[in-house]
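1. Let's see this in three dimensions:
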Amino acid sequence: MKQVYILGGAQTDFARNWTKEGKTFMSMFREIVEDGLAAVGMDYDEIVRLNKENRIAVFVGNFDMEQYANQGHLGAFLTEVHPAFYGVPGARYEAACASGSVAIDAAHTHIRAGDYDVAIVVGIEIMKTVSSAVGGDFLGTAAYYEKEAKGIKFPFPKLFGKLADEIVNRYGPKLGEQRIMEDLAEISRINYGNAKRNPLAQTRTWYMSKEQACSRGTSTNALVGGRLAISDCSQVTDGAALLVLASPEYAKEFSKKTGRPLSKMAVIKGWGHRVAPLTFQAKMEESKNSPYLLPWTRQAVLDAYRRAKLDIDQIDVIETHDCFTSSEYASISAFGLTEAGEEYQAIEDGIIDFEGNANGKRKVPINPSGGLIGAGHPVGASGVRMVLDIYKQVTDQAGDYQVPGAKNGLTLNIGGSATTNMTFVVGKIEE
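-> This next block holds a predicted model:
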């Protein structure tokens with residue numbers, strides 16, 4: 001199977017509010033393309049050359065620019081960045097919060113099929129153009145809007161609050177509700193703490209402790225969805241991320257031409273894509289006979305492992321979709337870090353924590369970037385940002401949040417209430 005190379009990429013600073021800066025989504029497009037190409041070492045002349053040879057295409061992941069910025073047809077907007085993109089095939093891909101990952105998947109598939117040698121993937125979302133209440137309603141369209149979001153204030157905190165309820169209902173008789181809620185608070189503490197090492201994270205200057213995360217239902221940590229409070233939530237974020245993917249032939253050609261070593265590139269070793277029932281209630285009905293709360297999430301992970309010919313024992317770092325602490329909790333067993341129902345062990349033993357010694361057990365840090373809770377969650381960009389961060393990890397370019405010796409990493413990006421499940425295994429190139 002042909003492996004697809006990652007040449008590199010970039011992300012914007014997720015702490016920025018582009019509307020307050022007087023800038024639009026077009027400003028974000030222009031900045032991420034210029035920064036991303038500069039990070040890779042690719043210029044516009046090379047794009048023109050590749051286009052003349054029918055070897056390049058553009059893939060844009062975005063959830064809802066139509067509502068946030070009154071604009072569709074995003075696959076064509078790189079032509080507004082630079083004339084080098086005139087004539088380059090381009091399209092927009094959407095799968096709610098997994099939009100960035102399905103754009104990567106489309107690009108990856110075209111390269112594996114031999115249609116193109118190079119793909120530029122941009123994930124982008126501008127969300128601070130509206131109030132949080134209006135934005136919450138927009139986000140409701142990632143669920144079954146008429147059944148799960150219409151007329152409901154902040155529907156997604158409530159949906160993932162129901163996931164927290166399900167965790168308590170299933171595992172509470174053994175563990176107790178308080179212990180589970182303290183473990184969710186520990187997930188929040190870890191992700192906020194990790195974000196402090198990430199210079200592009202939205203919450204890098206914010207405060208969070210486990211004590212604060214446990215103080216749900218107070219004036220400083222209000223409840224937003226059932227048992228879940230503000231500390232359990234990912235952020236409303238403006239941001240974009242870019243990756244350049246390439247065929248093995250082009251990666252070697254590019255390395256020779258630019259002098260950039262293959263060791264500064266990575267490969268996509270495996271992937272998984274599964275769609276669960278759309279409504280949350282149907283998901284829970286589906287999972288009644290499974291040990292996993294989210295069986296289709298587990299299957300997407302297994303698909304990626306199978307294609308990569310690896311398992312959790314060869315995964316050194318994970319970037320997961322912690323839109324809420326309950327989604328990260330449920331994903332721990334889906335990764336195979338523990339058996340289903342024993343997710344607490346990985347949290348309490350420090351296995352997923354960037355810091356500490358995990359009581360002598362093998363560590364697999366989750367979200368050293370800060371994840372969605374700490375780094376930020378510009379919906380259409382998150383999947384691209386996750387893969388970019390794993391690329392940085394396996395090429396030893398993650399700076400202060402580098403996991404030492406990371407060779408292989410996994411991403412999990414979900415759309416809706418774990419409806420669309422996308423996974424990638426990204427690894428170091430074995431020379």
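2. So which residues make contact with the helix ranked longest in the chain?
-> Of all segments of type helix in the chain, defined using DSSP state H, the longest is helix 155-175. The contact list for helix 155-175, computed with CB atoms under 8 Å, 6 or more residues apart in numbering, reads 136-137, 139-140, 142-143, 148-149, 152, 177, 180-181, 184, 224-228, 232-233, 280, 284, 293, 323-327, 329-330, 341, 344, 417-418. Backbone N, C-alpha and C define where each C-beta goes, glycine included.
3. List the buried residues of that helix.
-> 155-168, 170-171, 175 (16 or more other CB atoms under 10 Å).
4. Okay, strands next: where are they in this protein?
-> 4-11, 56-61, 90-93, 118-125, 223-225, 228-229, 239-246, 266-275, 317-319, 408-415, 420-428 (DSSP state E).
5. Next, format those as a markdown table and append mean neighbour count, mean pLDDT and distance to residue 389.
-> Shown next, in a markdown table, are the strands of the chain (neighbours: other CB atoms under 10 Å; pLDDT from 0 to 100; distance: least, CB to CB, whole Å):
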| stretch | mean neighbour count | mean pLDDT | distance to residue 389 |
| --- | --- | --- | --- |
| strand 4-11 | 25 | 98 | 8 |
| strand 56-61 | 28 | 98 | 16 |
| strand 90-93 | 20 | 98 | 20 |
| strand 118-125 | 29 | 98 | 12 |
| strand 223-225 | 20 | 95 | 26 |
| strand 228-229 | 26 | 98 | 25 |
| strand 239-246 | 28 | 98 | 9 |
| strand 266-275 | 22 | 98 | 11 |
| strand 317-319 | 29 | 98 | 5 |
| strand 408-415 | 28 | 98 | 8 |
| strand 420-428 | 27 | 98 | 9 |
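6. Output those strands as a markdown table; include the columns distance to residue 205.
-> Below are the strands of the chain laid out as a markdown table (distance: least, CB to CB, whole Å):
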| stretch | distance to residue 205 |
| --- | --- |
| strand 4-11 | 18 |
| strand 56-61 | 28 |
| strand 90-93 | 33 |
| strand 118-125 | 22 |
| strand 223-225 | 22 |
| strand 228-229 | 21 |
| strand 239-246 | 16 |
| strand 266-275 | 30 |
| strand 317-319 | 21 |
| strand 408-415 | 26 |
| strand 420-428 | 29 |
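7. Quick one: closest of these to residue 258.
-> strand 4-11 (9.6 Å; CB to CB).
8. Take the closest one, keep the C-alpha atoms, and write them as CSV.
-> Taking Å, rounded to 0.1, in the frame of the first residue of the first chain, the C-alpha atoms of strand 4-11 are listed here in CSV:
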residue,chain,number,x,y,z
VAL,A,4,1.3,9.3,1.9
TYR,A,5,4.0,11.6,3.1
ILE,A,6,3.4,14.7,5.3
LEU,A,7,5.8,17.5,4.2
GLY,A,8,4.8,19.8,7.0
GLY,A,9,2.4,22.6,7.7
ALA,A,10,1.3,25.4,10.1
GLN,A,11,-1.5,26.6,12.2
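9. Which strands or helices does it pack on?
-> helix 25-40, helix 99-112, strand 239-246, helix 248-258, strand 266-275, helix 382-394 (3 or more CB pairs under 8 Å, 6 or more residues apart in numbering; DSSP states H and E).
10. So which bits of the longest one are buried?
-> By neighbour count, with 16+ other CB under 10 Å as the criterion, the buried positions of helix 25-40 are 25, 28, 29, 30, 31, 32, 33, 35, 36, 37, 39, 40.
11. who touches residue 126 in this structure?
-> 18, 19, 24, 25, 28, 65, 68, 69, 238, 378.
12. Give me the residues contacting stretch 216-229.
-> 154, 156-162, 164-165, 168, 181, 184, 212-213, 215, 230-233, 324-326.
13. mind running it again at 6 Å?
-> 157, 158, 161, 164, 165, 215, 230, 231, 324 (CB atoms under 6 Å, 6 or more residues apart in numbering).
14. beta partners for the last one?
-> Going back to what we said before, that points to residue 324. Note on residue 324: beta-bridge partners residue 233, judged by DSSP bridges.
15. which residues sit in contact with it?
-> Residue 324 touches 160, 228, 232, 233, counting by CB under 6 Å, 6+ apart.
16. please redo it, this time with the cut-off set to 8 Å
-> 156, 157, 160, 161, 163, 164, 225, 228, 232, 233, 234.
17. Once you drop chain neighbours, what's closest to the second one?
-> What that stands for is residue 157. residue 225 (3.1 Å; CB to CB, 6 or more residues apart in numbering).
18. Just list whatever residues bridge to the one you found.
-> Beta-bridge partners of residue 225, as defined by DSSP bridges: residue 228.
19. can you list the residues that contact stretch 309-321?
-> 97, 269-270, 305, 327-328, 331, 335-337, 352, 364-369, 371-372, 382, 386-387, 389-390, 393-394, 403, 405-414, 425, 427.
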